[in-house]
Structure formats: C-alpha cells, structure tokens
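Student: Below are the sequence and a predicted model; questions follow.
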Amino acid sequence: MTAAVAERPTPQQGITPAYARALLLLTQGHQAKDAATATGIQLGRLVSLARQQGWTIHSATQRATDPTRNDMTPVLAPHLQALAGQFTERPRIVNDPDEPDEPYDATELLADAADFDDRHVKAALDRARQALDKLHTIYTQADEQRAAAVQRAAAKQAAADRITELEQQLAAAREQAKALGATTKRTTSGDRERDPAIRAWARSQGLPINERGRIPGHIRDQYNAAHPTA
C-alpha cells in the first residue's frame, strides 16, 4: 500500500510544500482528512497548523473557517500559496521505518481514531476511553481530597491566628486593668460556697444577676464590702 509523502516541518524548515498544499486545500473547501490524505501528512498536524493560521476545524464537517473574516472563508498567505505550488507527490510504503512517527496530541489522536474505520483501532479506542474515564475519576477524587485538605489546613491556621489574637487582646486588657489599679482575684471554693447568698443579696439590692454561671466580680466585691466578716 502506498501514499503520498512529504517532509515533516521542523522549527528550522518552517512549513513544507506538502503542509502548505494541505492548508491550501482547506481554503478550497476540502475536508481536513481529505487534505491530509491527498498530501500524505498527519491529520493531527494539519489541524494544528490550521489553528496556527487562526482557523477553526469543525469536528462535524471537518472543514476550515476563519472567524476573523466576514465570510468565514480562510485565505492562505501569498508566500504559503507559492510554497504549496512546489508540492509534488512521491510514493512511499506506509509505516516507513526511516521516518519516525510524529508525536500526537492525545485529543487529536482520539479524534483521528474515531474517524478511522478499523475494528482494531475501534477496540483500542474503546479501551483508551475507558482508561481516560478511570483516570478522570481518580484524578477528580484526588483533587477533591487535596482541596479539602487545603481548606482544613487553612481553617486550622485561621483558628490558631484567632487564638493568638485573643491572647494578645487579653494580655493588653490585663495591662490596662493593672494600670488603672484594678486587681484580679481567682474564685476559690469558699467564694463559690457563698454564691447563693451573694445572688440573694444582689437580687435584694436590685442588681441584675443570673441564676447560674459566674458571678461578676463587681457584684462579689460589693457583697464582700457589705459583709466584711463574711
């Protein structure tokens, strides 16, 4: 089995006549796969070159359009048109070992395989899609776990920062109270034993006080002042 062949472009060579001819065929309304077959180049590479020209290859029709032009018709630059005129077909055996395969973009490879009418290719394509689905699932789960871990770490750090901030505020308040001559006193077990009496006295004095919980220091101080021997 033979097919047309042309040199693959390299960064030094730029676009070769075969690739220029394929691009010219796209401007004439030919499908991308037909242009690639006619010039013996890879479909994926042709699509990539078309995109470099600013064109769009539509997956359904395999035809090129230029969204920057009013009529959407792609136009090849004059120097590439001249280069396309230099293209000549040369027969070669497909899978020539002297010409290494060009790397494929995964998306382009899947698209090309989907258009290829061969049961072995179709079977390999199905396995590849299943593998990609599995990869997508595993990656999504791992990414979600990573994001959750980042959120937990951020929440933990925010809590630690808040604790530090509150400790600093408490230290500042103690310093301010000390400067104003206030003293802090720990509640002892003896103080807690007098809590019922203090609550009753506070209510008799019209002072607001809760039935349970810590008795405010100023109420305890007033009670002690009113009951010096208590």
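Tutor: Cool, the structure landed. Numbering: from 1, shown residues only.
Student: Output the contacting helices and strands for the helix ranked longest in the chain.
Tutor: Counting residues, the longest helix found in the chain (DSSP state H) is helix 119-179. Packing partners of helix 119-179 (3 or more CB pairs under 8 Å, 6 or more residues apart in numbering; DSSP states H and E): helix 106-114. Bear in mind the C-beta positions are built from the backbone N, C-alpha and C, glycine included.
Student: buried sites along the helix it packs on?
Tutor: Residues of helix 106-114 classed as buried: Glu108, Leu109, Ala111, Asp112, Ala113 (neighbour count, 16 or more other CB atoms under 10 Å).
Student: so where's this structure shaky on pLDDT?
Tutor: Confidence mapping of the chain against pLDDT under 70 gives the ranges 1-14, 89-105, 182-191, 229-230.
Student: ok, now with 80
Tutor: Residues of the chain meeting the criterion pLDDT under 80: 1-14, 89-109, 111-113, 115-117, 178, 181-193, 228-230.
Student: I'd like to know how far the one residue sitting closest to the centre of it sits from Ala36.
Tutor: For the chain, Asp143 is the residue whose C-alpha lies nearest the centre (CA atoms, centre = their mean; 9.1 Å). Taking CB to CB, to the nearest Å as the criterion, Asp143 is separated from Ala36 by 36 Å.
Student: ok, back up a step: tell me the contacts of the residue nearest to the centre of the chain?
Tutor: If a contact means CB atoms under 8 Å, 6 or more residues apart in numbering, then Asp143 has no contacts.
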